[in-house]
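> what follows is a predicted structure for the sequence shown.
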Amino acid sequence: MPSHARTQCLAPSHARTTRPFASAGIDLSTIADRRAILASVGRGAVADAIERTNSVCPTLLSDNPQLLYELQQQQLIELIREGNVDAAIEFAQRSLAPMAEQSPECLGALERTMLLLAYEDASSCPEAQLLSQVQRHRTMTLLNEAILTSQSQDKVAALPMLLRRLQYAQAELDRHGVVAPISIPGMEQDTPAPDISLPRQ
């Protein structure tokens, strides 16, 4: 049940070379952060991925409880993979059961995952595919798409300001007689910026 509220992704403090764009709300250095987050999921460090996501996109998971549930479900799978049965049961009861009680879909997913604990050899369980790398990639894909969507929303909202900054920079260059035209695809120098503001919700 993702929220319609716009999620803001923050630029890391070391992004010195992208300050002109970051000041306009566009972060060109989050690719490395996103890759680090996905790499954490890929190696089973889901708690680290959640922490990194909250650092880069503070409201992404709070605005997307279903996505948070998917990540916590993966975290449960990793605990089972490690053979940490007590921790898996405690985590499921504390973090997953409350939402599962409100959603038949989430409850079904939780039950399928907990079925892994009923088998001494989890590979013989009908739900053994949950322990595969394919499952990790599924979770990575969901998280990746959510981050990209939130960043795209930020860029669209910030584009009018960026266009004004580029036009101002071009005017300053012209005023000082510097021949260094700034190319804005689809726009001539004296053409006003199109109205690309987002409709009010």
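Yes, it's here. Residues are numbered from 1 along each chain as shown.
> what mean pLDDT does the longest helix along the chain have?
Secondary structure of the chain per DSSP state H: the longest helix is helix 133-175. Regarding helix 133-175, the rounded mean pLDDT is 78.
> which helices and strands sit right next to that helix?
In terms of contacts (3 or more C-beta pairs under 8 Å, 6 or more residues apart in numbering; DSSP states H and E), helix 133-175 is packed against helix 30-42, helix 46-56, helix 60-63, helix 65-81. Placement of C-beta: from N, CA and C, glycine included.
> got the angle for the longest one vs helix 30-42?
The one in question is helix 65-81. Angle of helix 65-81 versus helix 30-42, following axes from the mean of the first three to the mean of the last three C-alpha atoms, to 10 degrees, is 40 degrees.
> relative to helix 46-56, how tilted is helix 65-81?
150 degrees.
> burial measure for residue 173, as a count.
14 (other C-beta atoms under 10 Å).
> ok, it to residue 64 distance?
43 Å (C-beta to C-beta, to the nearest Å).
> with residue 108 instead?
From residue 108 to residue 64 the distance is 20 Å (C-beta to C-beta).
> next one: residue 103
From residue 103 across to residue 64, the span is 14 Å (C-beta to C-beta).
> over to residue 134?
22 Å.
> what about the two, which has more around it?
When residue 134 is set against residue 64 and neighbours are counted by other C-beta under 10 Å, the residue ahead is residue 64, at 22 against 9.
> my guess is that one meets residue 146, correct?
Yes - Residue 64 lies in contact with residue 146 (C-beta atoms under 8 Å); the separation is 6.1 Å.
> not counting residues beside it along the chain, what's closest to residue 70?
Distances taken as C-beta to C-beta, 6 or more residues apart in numbering put residue 142 closest to residue 70, at 5.5 Å, once the chain neighbours are dropped.
> what is the neighbour count of the one you found?
17.
> how about residue 58?
By the criterion of other C-beta under 10 Å, residue 58 has 14 neighbours.
> torsion angles phi and psi at it?
For residue 58, the backbone dihedrals (degrees, to the nearest 10) come out as phi -60, psi -30.
> over to residue 103?
phi -140, psi 120.
> can you read off the pLDDT for residue 186?
For residue 186, pLDDT reads 49.
> and if you look at residue 75?
Reading off the model, residue 75 has pLDDT 98.
> got a list of what it touches?
Going by C-beta atoms under 8 Å, 6 or more residues apart in numbering, residue 75 touches 46-47, 50, 91, 95.
> against residue 31, how distant is it?
24 Å.
> cool, and residue 104?
37 Å.
> skipping adjacent residues, who's closest to residue 92 in space?
residue 76 (5.6 Å).
> would you agree residue 119 is in contact with residue 125?
Yes - if you go by C-beta under 8 Å, residue 119 and residue 125 touch, sitting 4.3 Å apart.
> neighbour count: these two, which is higher?
Using other C-beta under 10 Å as the criterion, residue 119 and residue 125 rank with residue 125 on top: 18 against 13.
> what sits against that one?
Shown in contact with residue 125 (C-beta under 8 Å, 6+ apart): 115-116, 118-119.
> one more time with 7 Å
By C-beta atoms under 7 Å, 6 or more residues apart in numbering, the residues touching residue 125 are 115-116, 119.
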